[in-house]
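In: Return atomic coordinates for the entry below.
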Amino acid sequence: MTQEQMLEQIVKQVMASMSGDAPAAAAPAAGGATVTEADYPIGDKRPELIVSATGIPYKELTLEKLLAGELKPEDLRINPHTLELQAQVADSVHRDAFGRNLRRAAELIAVPDARLLEIYNALRPYRSTKEELDAIADELKTKYNAPVSASLVAEAAEVGYNRKRTREFK
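Out: Next comes the predicted model:
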């Protein structure tokens, strides 16, 4: 597979995900509107609601622009608002757990990838103390405004400590 073919495949996957090939739910969208199952796939039925992480409208994210060097990799990253729209669609079809996962993913977009990997590793058994995990929870809540993820890390710290799976017990 050539580099251009690989790039085209990646762009198609990104575009498919933005066009709604993953369900979403019902909450206020741009301008106070809501989206539901009827708006799915959002990229086809409500493309005006979707912009990239850098603010580029969905319809302007084309393979031609990417190949011409007019788009950067960060231009193809998903916007937290798009994940919220997808969560609204999920909610509208009673896929509440999926909607919650999409909202949690939206809050984690602000966390740098390298830090997410560090947090993932810190959550593994015996890798961190309860105090270190509590500090991560606080960081997620205060620095990244990710309260749902912060509460999950705090819960993991408590459960890990109670089950003797934190570094204190190694």
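In: Leaving out the residues flanking it, which one is nearest to the residue most central in space within the chain?
Out: Most central residue of the chain, judged by C-alpha distance to the mean C-alpha position with CA atoms, centre = their mean, is Ala105 at 3.0 Å. In this structure, Ala105 finds its nearest non-sequential neighbour in Leu83, 5.6 Å apart by CB to CB, 6 or more residues apart in numbering. All C-beta atoms are positioned from the backbone trio N, CA, C, and that covers glycine.
In: Break this structure down into its domains, please.
Out: 1-109, 111-170 (automatic domain parsing).
In: mind putting the ones you listed in a markdown table, mean pLDDT included?
Out: Converted to a markdown table, the domains of the chain look like this (pLDDT from 0 to 100):
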| stretch | mean pLDDT |
| --- | --- |
| domain 1-109 | 81 |
| domain 111-170 | 97 |
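In: In terms of helices and strands, where is Glu139?
Out: Element membership of Glu139 [criterion: DSSP states H and E] is helix 130-142.
In: Which strands and helices lie in contact with that helix?
Out: Under the contact criterion of 3 or more CB pairs under 8 Å, 6 or more residues apart in numbering; DSSP states H and E, the helices and strands touching helix 130-142 comprise helix 113-122, helix 147-162.
In: mind checking which of those helices is nearest Arg95?
Out: With CB to CB as the measure, helix 147-162 is the member of those nearest Arg95 (16.9 Å).
In: Kindly list the main-chain dihedrals of Thr54?
Out: phi -100, psi 10 (degrees, to the nearest 10).
In: Who are the contact partners of it?
Out: Listed by CB atoms under 8 Å, 6 or more residues apart in numbering, the contact set of Thr54 reads 72, 74-75, 77.
In: As a check, name the ranges of all helices in the chain.
Out: Along the chain, the segments classed as helices by DSSP state H run 3-18, 42-45, 63-67, 80-92, 96-108, 113-122, 130-142, 147-162.
In: surely Ser92 meets Ile42?
Out: No: between Ser92 and Ile42 no contact is recorded; they are 11.7 Å apart, counting by CB atoms under 8 Å.
In: what do these two both touch?
Out: For the pair Ser92 and Ile42, residues contacting each of them under the criterion CB under 8 Å, 6+ apart are Val35.
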